Each structure stands twice: as C-alpha cells, then as structure tokens.
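S.K.: Fold the following and give me the result.
(2 chains)
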Amino acid sequence: MSSSKKSSDGKSSEIEEAVASLTMPFNKILLTSSDGESFEIDEAVARKFQIIAHMIEDDCAGKAIPIDNVTGDILSKIIEYAKKHVVEPDEDEDEEAKKKLDSWDAKFVEKLDLETIFKIILAANYLNFEGLLGFASQTVADYIKDKTPEEVREIFNIENDFTPEEEEAIRKENAWTFNG
Amino acid sequence: MPKYKNLLLTSKRRKSKFKKQKLHQHEPESLFPEKEVEEEDEDEGGFKLKIAAPSQEHGVQPLGNLYFNPGSVNVRNTGLGNLQILSDELVLDILGLLGATHLGILATVTKSFYIFANHEPLWRNLVLEVLKGEFLFNGSWKSTYVAAYHPKFQFSGDSESNLKIIDFYSDYLFQSWLCANLEMKPKWLRRDNITRVRGISVEEFITKFEEPNKPVLLEGCLDGWPAIEKWSRDYLIKVVGDVEFAVGPVEMKLEKYFRYSDGAREERPLYLFDPKFAEKVPVLDSEYDVPVYFREDLFGVLGNERPDYRWIIIGPAGSGSSFHIDPNSTSAWNAVITGSKKWVLFPPDVVPPGVHPSPDGAEVACPVSIIEWFMNFYDDTKNWEKKPIECICKAGEVMFVPNGWWHLVINLEESIAITQNYASRSNLLNVLEFLKKPNAKELVSGTTDRENLHDKFKKAIEGAYPGTIQELEKKAEEAKRAEEQRVSFWDSAKADAFKFSF
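M.R.: Numbering: from 1, shown residues only, chains lettered A, B, ... in the order given. The predicted structure follows:
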C-alpha cells in the first residue's frame, strides 16, 4: 500500500490523479482521502466498499477516486480492515481461519479509542462497507453493555442533565431494570 | 446466524428529501405546540394527527425549530457526548444491538439517551425477537416487553407520567413520530381516475383490460360471496380459533393481533398476510370464490408445488404495502370484504417518485413508508402528464392489478381482504421470461424448489396444454413484426413526403 501526501496545490493533485490513472496497473484502484493522502489498493479490496463497487460496475470509476468525507488516518484503518476481510472464511467450513480472523479483529479494535471508532462507523457507513460497520457498531454496543449510567457518562464524556426530580422519575420508570 | 446484524438493511434509511417542518406555537406559555402541525404549502387545515396522539412523544422537535431559537442548545448532542457525531440512524443501529435491560439502563443516562432508548421500533424488534407472536400488546412496545418480563412492575400509565423533554431537536426522530401519528390527508384521497366496470363478460375483460395490461376496478362480482355477509372480526375469531396467521416475521392468534392493531400507532403497522389461510381454516376457503374473470390460473398445473398464490389480508388503518411490483410477473386481483383501501398505481415503465429499484430488478421495493411517501413524493406527480392511476376500493369491490405495475396500497380503516396472484394466457410468456432470469431463483417466492421452477412450470404447461406456448410465441412474433412494419411504413411515408417536397 503506497501512501503519498499531496501538495497543497489542488491543481497539481488533479494532475497527479490523472497520471496515476494512466500508469496504474489494471486491477488497482487509487483512493484519495479528504486531506490528500492516497492509497493504492487491489480492486478486490475496493469492492468491499459498495459505493465503489457500484462505480466500478457502472464503469464510472476512474482509477483514482476521491473520498471527500474521510480523512487519511481513518481511511487507512478502514483499508487495513478491508484487506484482512477480502475473503470471509466460512464459520462451518474453516473454523480455524474464522478464529484467527476474529482474534485479529479484536486486536485491531483494542488499539483504537472510542472517537476513532465513531469516525470509522461514519466512514464505513458512507462507503457502504457493511462488514466493518457491523463490527464497529457491535464494538461500541459491547462497550455500553453492563455499564452503570455513571460509567456510560464517563465513557462518552457526558454530564448528567437530569434534575434530581427528573432523575428520580426516570429511575422509577425504569426500576424494572434493577430487579433483574 | 450472522455474527453482526446486517445493519445496512435493517433500518430504513431516510434518503428521501425532507421538507423542513416547523411547529407553530400557538400559546406563548406552552412550549408544546397544539395538536395541529402546519405545512407551508397546505391548502386546507393542517396535518390531522390521530386522535389522542400525545402532542409530543417526549418532546422531540424537528431541527427547523432549533434555527428559530437562537442560543438554544440541542440537548440531543450535549447528552450524547462523543457519540453525537453519529447520525440518529447510526446511534439507533448501535442501540439495536442491546438487550432490554441495557436499553432500560441507558434511558437513565441523559435526556438524549432517554429519548433514543425509548424509541419504539427498538422495542418492537425486541418483542418480536423474544416473544414472537405470543406478545400481549400493552399500549406501547416497551411496556409490552416490560409487562411480559416484569409482570410485577407497574407502569404508571401512559404519556402523562413520561418525562417531557424540551430542547431535543432531531429530524429523523421527529419524522418517525410524525409518520406514526399522521392520518391520510383528504387531498391525498381526492383523485379517483380508475375505470370502473360492472357485469362485463370475461371476453370483454380480457380484451379491454387483461391483454392490454390495464388496471380496472370491478364492481358487483363479490355479490355471491358468503364472506361478504359473514366475515366480521368476531366471526373470524370464532371460526379461526387458535390457529395462527402470519403477521410480518411471526405468527399470531387473531385475538392477539386485534389487540395489537387496536392499540398500535406506528409508521409501519404489522400487517396480517397469510398465504395458507385456506389450508389452515378450510371453512374460509368455502366462503369465497375466485371471480369469474380470473379463473384461468395456470400455476395450478403445479399442484402442491406451486408458489404461494393467495392471501388473506387483515390490518388496521394505516397498514398496507409501499410501492412494489408483484413477483414472478404475475397479475393479481384484490377483493375488499370489509373496510376500504386507497390505491396508487404506476405502469411498468414508470418508476414512482422516491422509489429506487436496483438495476437487476432484485429489489423492487420502496425505501420509505407509505405515509412518508405521501408526505414527500405524492405532490411530485401533480404536474406529470401521465398521472398515476388512483382510487379507493371499498367493500364488495375488486381491484385488478396487471402484471408489472407498480402499486401502493393503504388501508383507510380496518380492512379484511383476499388477494390472489395468477398467470393466464395473457401474461404466460412474461412469467416464463421472468422465471428464466439468472436471479429468479432468489426472487421466486413461496416455493421450496426455487431453481427448477421455470423448467418445472414450462414442462407442466406443455403437458396440460400442449402447443399453447408455441401458439403464444407465434402470436407475439406476429404482433412484433406487424408493429415493425407499421413503423417502417410511416418512416417510408415520411421519406416520400420529403421527396415530394422537392
């Protein structure tokens, strides 16, 4: 995966893209992030992003595609995940491979802070990358599970905005959660 | 069981344009608008909300209001913290992965979480997943769930005791509430341009409507049906007893379904739609008859292996089907036994506004709900030359839906109906063509042996009606050649005309 920072001059980046289109190998696609980072990836990897897959099918993908909504740091993480998941192992047929991939997924997400995960969710949604969207959303859900309200506030950096009376009313309303 | 829910398909994305709604505040003191919600280009009254709709579900307001309150803070964002960068749909997708207890706990975190965690569709999914068709609807999906699992817990009544939250602005959630509580506007019901006929012969029906593929509303053909006299709620409950009918993803007893349909206030109410009603309750089969125009039913040659072809349909006001084309390229008839239905139809080559079929035809569905379609797209057709066909079909009347036509149906009141899909000589070639398609095996509904349906059907037809397919193909060829010749005649006539002008 080659990554190059574009110059701040927009015109020359267009030229760079055009040159890339002419000189790139047949089955590679070049993605450019909103802040100018370029990523050359295999077509098979690019196809994990449905919006790109559709562009390829409709033949309107030049070989260089700007991804205006996603910054380079997030796009690089998404591509990293996509490469690992180009072929999804069948749970029944290849348990070993599935386990290995799951453990890679867990390590992948362990290193990321919540804010990054949210940005990944937004980007995966934009790119229409179903697998990563589901995985990232499940990760956030897992963070929330089994946390007390105070812990949830801490994780998301929120202040309690209920008045004491409101809080009392809400707790009453949801008292069934505390009785198991 | 997939590890992660298919989030991109489970929640309905509001890709549709959304007119900025503004609630007018009639009383300066009250922060909550009256029941009337006005729209700028309204030509009569305001929206009509369903009776007894609480004026605001927990106080969700559309984003437009925020812009009219400068300096106001959106409690949605402050209450979500870092999570606020996600859209409402993405937040709900995450909450959709949680169980009931976790949702209940989340509701106590902040006002924002309170509103998100109480979003009814989340609780509907939990109820249907866990309780299936056994649920006893208890006014809301959340209280249905809680009542089932924590029977000792007393819900302190309805919306009066729910917390009223101000300063929460969200278009998605407001629209969701609005669509759940809106009634059909009179102006959406006014246009009625379908052809109505009564007492025509079968030949006339075939030549005037079935062959040219035109919709029509038929009156008077249900006069002999015992169902018309007998089928009421009470009668059906008596005669169906404990047999369960298909309702969306679950099966339910009738009494439980009616308990739900009486209390539900939803954007997409659960609809009772059972393809095996006649097999499950044979007496129902005996109380209706296929109208004389539709007796040619070629899939009958497959006997028990035929795809689903007949349904009983029961649903409350507001239930229905958003835009779709019937599968297998079949035609259909729909008979209203009690109640009334509003129909909107577009011909096969005209995609309704707001509908995005996938290129291979695999997805012939409309992403928006019925009410949302009326709110956001109905008016688009006002200035079209070719207007859609619209009508209200009342008890005792039968709609003919020609094959390939887009159609949308909404019940204007609680309705009981029967519908059947069929293939006759008029559309047999289309059906075979459809079944030949490479993705047909996914699209074919209601059959266990999807792959061979085309071959099976074709063989069975040739067995029962030898030579029919060839005959129809010959006729189609001749018609096509005649059309081509006609065209070339006019082309050459034009050419001659040019010559003469020199």
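S.K.: Spatially, and excluding backbone neighbours, which residue is closest to the residue nearest the centre of chain A.
M.R.: For chain A, the residue lying nearest the average C-alpha position, counting by Cα atoms, centre = their mean, turns out to be A:Ile120 (3.2 Å). Beyond its immediate neighbours in the sequence, the residue positioned closest to A:Ile120 (Cβ to Cβ, 6 or more residues apart in numbering or on different chains) is A:Ala136, lying 5.1 Å away. For every residue, glycine as well, the C-beta is placed using N, CA and C.
S.K.: Ok, B:Thr468 next?
M.R.: Taking Cβ to Cβ, 6+ apart as the measure, B:Thr468 lies nearest to B:Ile461, with 6.4 Å between them; neighbours along the chain are not counted.
S.K.: still on that earlier bit, tally of neighbours for the residue nearest to A:Ile120?
M.R.: One way to gauge burial is a neighbour count; for A:Ala136, by other Cβ atoms under 10 Å in any protein chain shown, it gives 29.
S.K.: Let me know the helix or strand that it is in.
M.R.: helix A:130-144 (DSSP states H and E).
S.K.: in the stretch 301-450 of chain B, which ranges drop under the pLDDT threshold?
M.R.: Screening the stretch 301-450 of chain B residue by residue with the criterion pLDDT under 70, one finds the ranges B:359-367, B:438-450.
S.K.: Apply 90 and report the result again.
M.R.: Where the stretch 301-450 of chain B drops to pLDDT under 90, the residues are B:302-307, B:327-329, B:349, B:354-369, B:380-387, B:433-450.
S.K.: Look up how far B:Pro402 lies from B:Gly81.
M.R.: For B:Gly81, the distance to B:Pro402 (Cβ to Cβ, to the nearest Å) stands at 55 Å.
S.K.: hmm, back to that, measure the residue nearest to the centre of chain A to B:Glu478 for me?
M.R.: When Cβ to Cβ is applied, the distance between A:Ile120 and B:Glu478 equals 61 Å.
S.K.: same thing with B:Pro316?
M.R.: For B:Pro316 relative to B:Glu478 (Cβ to Cβ), the value is 50 Å.
S.K.: Next up, the contacts around the residue nearest to B:Thr468.
M.R.: For B:Ile461, the contacting residues are B:298, B:301, B:428, B:468-469, taking Cβ atoms under 8 Å, 6 or more residues apart in numbering or on different chains as the criterion.
S.K.: Pull out the buried residues from those residues.
M.R.: Buried residues within these, defined by neighbour count using 16 or more other Cβ atoms under 10 Å in any protein chain shown: B:298, B:301, B:428, B:469.
S.K.: What does B:Asp289 show for phi and psi?
M.R.: The phi and psi torsions at B:Asp289 (degrees, to the nearest 10) take the values phi -140, psi 150.
S.K.: what's around the residue nearest to A:Tyr143 when sequence neighbours are not counted, how many residues?
M.R.: The spatial neighbour of A:Tyr143 that comes closest, neighbours along the chain excluded (Cβ to Cβ, 6+ apart), is A:Ile155 at 6.2 Å. Burial of A:Ile155, expressed as a neighbour count using other Cβ under 10 Å, amounts to 16.
S.K.: A:Ile155 contacts A:Asp142, doesn't it?
M.R.: No. At 11.5 Å, A:Ile155 does not count as touching A:Asp142 under the criterion of Cβ atoms under 8 Å.
S.K.: returning to that earlier point: quick check, nearest of the contacts of B:Ile461 to chain A?
M.R.: When the contacts of B:Ile461 are ranked by distance to chain A (Cβ to the nearest Cβ), B:Leu428 comes first, at 32.7 Å.
S.K.: contacting residues around stretch B:475-494?
M.R.: With Cβ under 8 Å, 6+ apart as the test, stretch B:475-494 has contacts from B:Leu429.
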